[in-house]
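# Model the following, please.
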Amino acid sequence: MSERMERYREMVENALPYALPQPEGCAKVLCEAMRYSLLAGGKRLRPCLTLAAAESVGADLTEALPYACAMEMVHTYSLIHDDLPAMDNDTLRRWRPTNHVVYGEAMAILAGDGLLSHAFAHINRCALEHPEHARAHLRAMKAVTDAAGAEGMVAGQSVDVYCEKHGCAEEDKKKLLDYIHRNKTAAMIRGALLAGAELGNPSDAVRAAFSEYGEKLGIAFQVADDILDACSTSESMGKTVGKDAQEGKLTYVSLYGVEESKKRLAELTEAAKHAIEPVDADGFFRDLAQQMLIRTH
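Numbering: from 1, shown residues only. As a prediction, this is how the structure comes out:
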């Protein structure tokens, strides 16, 4: 991890405990369940991307930090729900038992609900504190909502679940796989970048560069995940591996095999680097894409 990414990650880790509802204002067990998953560590990729994009366009990082925290709340809520028995039925996440294993299914659902709703309350408070930047905040909020909702992450997850439970026609698999990865994973990575960039009132060209970079980086990230699920270990990944194949999930590896997936990962990485080049003065985003190519967890 670069020094710049480490700086962003430290900012996020320091801010998250205070961004959450405090115990005196929230039901105790709900508060504990939300904190259990949100403060469990992880790469913090999405919030770091928000801060990186904001800084690159000259936005104030103190205004961007609530959006970074909100992106991590939304991401964590999705993981809690994704791990539930009705979804992927996973028992390990970030090297420890999943939320529903510790708190039960009902409380895990509520913890996810709490994180999602609180994410938007958190950025709304930030926007109200900066009425002079109201339009920029509205655009940043839209980037978060578009990424998380029924035309973004939830849409991708719904198709993923449907295909797993009901199957899909052979001739539709490539199209559906692209839809799942573009929405389930790439939408949030793209949204994280755009949320930060919008706070700096970017030009259409800058917005388009971050959008294209985020989409290509996001799909590459998921392709890498598919490869690691097939080739890595639970100890290395901090979550159960091999479940994609066991559950018959539609993945790049199941459709194309490991070697072809690695080729696609390299192509997507190059496309991401090319897309961001016009606004990547110091090569930070190029190097980040390259790191995603060789990541081990």
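# Helices of the stretch 51-200 of the chain, start to end?
Secondary structure of the stretch 51-200 of the chain (DSSP state H, counting those that start in this stretch): helices at 61-82, 99-103, 105-129, 134-148, 153-166, 173-180, 186-198.
# Check which residues of the shortest one are buried.
Along helix 99-103, the positions that meet the burial threshold by neighbour count (16 or more other Cβ atoms under 10 Å) are 99-100, 103. Every C-beta, even on glycine, is put in place using the N, C-alpha and C of the backbone.
# would you turn the residues you listed into TSV with pLDDT?
Converted to TSV, the buried residues of helix 99-103 look like this (pLDDT from 0 to 100):
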residue	pLDDT
99	97
100	98
103	97
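# Could you single out the most deeply buried of the helices of the stretch 51-200 of the chain?
Stretch with highest mean neighbour count among the helices of the stretch 51-200 of the chain: helix 186-198 (a mean of 28; mean count of other Cβ atoms under 10 Å).
# now the helices of the stretch 51-200 of the chain in CSV, with distance to residue 207?
Output for those, formatted as CSV (distance: least, Cβ to Cβ, whole Å):
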stretch, distance to residue 207
helix 61-82, 16
helix 99-103, 35
helix 105-129, 19
helix 134-148, 9
helix 153-166, 20
helix 173-180, 23
helix 186-198, 6
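# Tell me which of those lies nearest to residue 267.
helix 173-180 (13.6 Å; Cβ to Cβ).
# Just the C-alphas of stretch 122-136, formatted as PDB.
Output in PDB follows, covering the C-alpha atoms of stretch 122-136 (Å, rounded to 0.1, in the frame of the first residue of the first chain):
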ATOM      1  CA  HIS A 122     -24.000  11.200   8.000                       C
ATOM      2  CA  ILE A 123     -23.500  12.800   4.600                       C
ATOM      3  CA  ASN A 124     -26.700  14.900   5.000                       C
ATOM      4  CA  ARG A 125     -25.300  16.400   8.200                       C
ATOM      5  CA  CYS A 126     -22.100  17.300   6.400                       C
ATOM      6  CA  ALA A 127     -24.000  18.900   3.500                       C
ATOM      7  CA  LEU A 128     -26.100  21.000   5.900                       C
ATOM      8  CA  GLU A 129     -22.900  22.300   7.500                       C
ATOM      9  CA  HIS A 130     -21.600  23.500   4.100                       C
ATOM     10  CA  PRO A 131     -24.500  25.300   2.400                       C
ATOM     11  CA  GLU A 132     -22.000  27.300   0.400                       C
ATOM     12  CA  HIS A 133     -21.200  24.100  -1.400                       C
ATOM     13  CA  ALA A 134     -24.700  22.800  -1.600                       C
ATOM     14  CA  ARG A 135     -24.700  21.800  -5.300                       C
ATOM     15  CA  ALA A 136     -21.400  19.900  -5.000                       C
END
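# So what's the gap between it and the chain middle?
23 Å (Cα atoms, centre = their mean, to the nearest Å).
# What's the mean pLDDT across it?
Stretch 122-136 carries an average pLDDT of 95.
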